[in-house]
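A.B. asks: Let's see this in three dimensions:
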Amino acid sequence: MSALDEAKKVNDWVFAIRREFHADPEKSMEEYRTSARVAEELGKMGIPVKRIGKTGVLGTLEGKLPGKVLALRADMDALSIQEQTGFDYSSQNPGVMHACGHDFHTAILLGAAKVLSGMKDQLKGTIKFLFQPSEETAMGAKLMVEGGALENPKVDMAFGLHVIADLPIGKVVLQDGGFMASGDNWECTIKGVTAHGSSPWQGVDALVCAAAVVQSLQTLVSRVNDARDPIVVNIGTIHGGDRFNIIPSKVEMTGMNRAFSVTARESMPKWMEEVIKGTCAAYRCQYEFNYNFSVAPVINDPAATAVAFKAVSKVMGAENIIPIPKAMGSEDFSEYAMKVPSTFMILGVRNPAKDCVHSQHSEHYKADEDCIPVGVASHVQVALDFLS
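C.D. replies: Modelled structure (predicted):
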């Protein structure tokens, strides 16, 4: 019997637990009830559980014979959004919503664990089920890695997936190389000297300097970086001034940058500070600049991707695995990919007939539940193929 047939056997159970998670969402690092339910269900399957941090869950399924070790990963956290979908299983927690599909990820991986635990005597090797907290704040994967999720026994390959509303139901994406961008945040404070607006020569205008910095930073994208290796320099907030007729002495800016290569990513703080330092010198201002490397790019390993491509082709046909341009969004699955050969799959959930058209993080976000058996079966088939 195929992996998809096995997945369909647990379909009703996975649908039900996914809706349970959807109705009871929890914010990043607060996934107490969700992680408890995950641990409870894994225990019922006879899968030993280890807790990592306060809300991380690691389930380890050992096959009848020793062999390779595969990690399958799902994230559990929700967002600070007031749900507006109208579902009868809408969020019961004011201001919190599963608006990015992590309820799907958690339920799908539990479904795969249920199927694979029933095949324990047929398995050669070990499967680790990683249920991580806090993907949205880029803290969860690091916590799992630091907690030993990839060790004892050491993981040989990792696989994960994400439901995406831009991709039609019935389609998936599996491609190697740079797949999702890094996401690194920064803060910059421009310091001048306060003066009355009627006599600006008596002060040093931090706001004019900040405006020049904002414009100049974009030349990094167009004139400094290799255009064949795209980056984004984004200024997300800018705050300065207290009164309409005063020259402000301080302006604060924050932003997040994106890159696909390690070279471009590691170069951006240096490039930015050169621009900020030079511009501030020209405008007679001082500055403070802090850069935080937060989420690395997701770079899919060619060999791991080939394994997953072959496995998922068995589930849904190679013609339904389609290429897409690089995604500028970020995913902390990259923490696993930096440690072990890994690949990350995109699972389509868009369906206009069911109003599944709204973007990730929208208060109206909906995903077609028909993606669930494909997601479960993909995990199962990847496990069976890799361990064999």
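
A.B. asks: can you give me the helices for the stretch 251-388 of the chain?
C.D. replies: 262-282, 302-316, 334-337, 372-387 (DSSP state H, counting those that start in this stretch).

A.B. asks: would you turn those into a markdown table with distance to residue 47, mean pLDDT and mean neighbour count?
C.D. replies: C-beta here means a position set from N, CA and C on the backbone, and glycine is covered the same way. What follows is the helices of the stretch 251-388 of the chain, written out as a markdown table (distance: least, C-beta to C-beta, whole Å; pLDDT from 0 to 100; neighbours: other C-beta atoms under 10 Å):
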| stretch | distance to residue 47 | mean pLDDT | mean neighbour count |
| --- | --- | --- | --- |
| helix 262-282 | 36 | 97 | 17 |
| helix 302-316 | 21 | 98 | 19 |
| helix 334-337 | 20 | 98 | 25 |
| helix 372-387 | 13 | 98 | 25 |
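
A.B. asks: Now tabulate these in a markdown table and tack on distance to residue 105.
C.D. replies: Below are the helices of the stretch 251-388 of the chain laid out as a markdown table (distance: least, C-beta to C-beta, whole Å):
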| stretch | distance to residue 105 |
| --- | --- |
| helix 262-282 | 26 |
| helix 302-316 | 16 |
| helix 334-337 | 14 |
| helix 372-387 | 8 |
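
A.B. asks: So which of these is nearest residue 107?
C.D. replies: Minimum separation from residue 107 across the helices of the stretch 251-388 of the chain (C-beta to C-beta) falls at helix 372-387, 7.1 Å.

A.B. asks: Residue 183 is in contact with residue 265, correct?
C.D. replies: No. Counting by C-beta atoms under 8 Å, residue 265 does not reach residue 183; the two are 9.9 Å apart.

A.B. asks: and the gap between the residue lying closest to residue 137 once chain neighbours are set aside and residue 139?
C.D. replies: Closest residue to residue 137 apart from its sequence neighbours, by C-beta to C-beta, 6 or more residues apart in numbering: residue 28 at 4.5 Å. The spacing between residue 28 and residue 139, counted by C-beta to C-beta, to the nearest Å, is 7 Å.

A.B. asks: got it, and residue 100?
C.D. replies: From residue 100 across to residue 139, the span is 15 Å (C-beta to C-beta).

A.B. asks: joint contacts of residue 265 and residue 183?
C.D. replies: Counting by C-beta atoms under 8 Å, 6 or more residues apart in numbering, the shared contacts of residue 265 and residue 183 are residue 257.

A.B. asks: okay, how far is it across stretch 116-123, tip to tip?
C.D. replies: 8 Å (C-alpha to C-alpha, to the nearest Å).

A.B. asks: List the contacts of it.
C.D. replies: The contact list for stretch 116-123 (C-beta under 8 Å, 6+ apart) reads 6, 45-47, 61-65, 127, 379-380, 383-384, 387.

A.B. asks: Tell me the one among the residues you listed nearest to residue 352.
C.D. replies: Among the contacts of stretch 116-123, and counting by C-beta to C-beta, the member closest to residue 352 is residue 379, at 27.2 Å.

A.B. asks: Chain neighbours aside, what residue packs nearest to that closest one?
C.D. replies: Sequence neighbours aside, residue 112 is the residue nearest to residue 379 in space, at 3.5 Å (criterion: C-beta to C-beta, 6+ apart).

A.B. asks: just checking, that neighbour is part of a strand?
C.D. replies: No. Under DSSP: H, G, I helix; E, B strand; the rest coil, residue 112 sits outside any strand and is assigned helix.

A.B. asks: residue contacts, it?
C.D. replies: Here residue 112 is in contact with 7, 72, 129, 375, 376, 379, 380, 383 (C-beta under 8 Å, 6+ apart).

A.B. asks: Domain-wise, how is this protein divided?
C.D. replies: The chain breaks down into these domains under automatic domain parsing: 3-181+297-387, 185-295.

A.B. asks: With respect to burial, which of those domains scores highest?
C.D. replies: Burial of these is given as mean neighbour count (mean count of other C-beta atoms under 10 Å); domain 3-181+297-387 ranks first at a mean of 20.

A.B. asks: Now the terminal residues of that one, how far apart.
C.D. replies: Across domain 3-181+297-387, first to last residue, C-alpha to C-alpha, it's 15 Å.

A.B. asks: and what of stretch 185-205?
C.D. replies: Note: stretch 185-205 ends 25 Å apart using C-alpha to C-alpha.

A.B. asks: Other residues contacting that stretch?
C.D. replies: For stretch 185-205, using C-beta under 8 Å, 6+ apart, the contacting residues are 206-207, 209-210, 213, 240, 244-257, 269, 272, 276, 280, 283-292, 294.

A.B. asks: following the lowest-mean-pLDDT helix or strand in the chain, which helix or strand shows up next?
C.D. replies: Across the helices and strands of the chain, mean confidence by mean pLDDT, DSSP states H and E is lowest for strand 177-180: a mean of 94. Scanning forward in sequence from strand 177-180 by DSSP states H and E, the next helix or strand is strand 183-191.

A.B. asks: tilt between that next one and helix 262-282?
C.D. replies: Interaxial angle, strand 183-191 versus helix 262-282 (axes from the mean of the first three to the mean of the last three C-alpha atoms, to 10 degrees): 10 degrees.

A.B. asks: Neighbouring strands of strand 183-191 in the sheet, and parallel or not?
C.D. replies: strand 250-259 (antiparallel), strand 286-295 (antiparallel) (DSSP bridges).

A.B. asks: Might you calculate how far that strand sits from the centre of the chain?
C.D. replies: Centre-to-centre, strand 183-191 and its host chain are 22 Å apart (C-alpha atoms, centre = their mean, to the nearest Å).

A.B. asks: what does stretch 275-284 give?
C.D. replies: Relative to the chain's own centre, stretch 275-284 is displaced by 35 Å; criterion: C-alpha atoms, centre = their mean.
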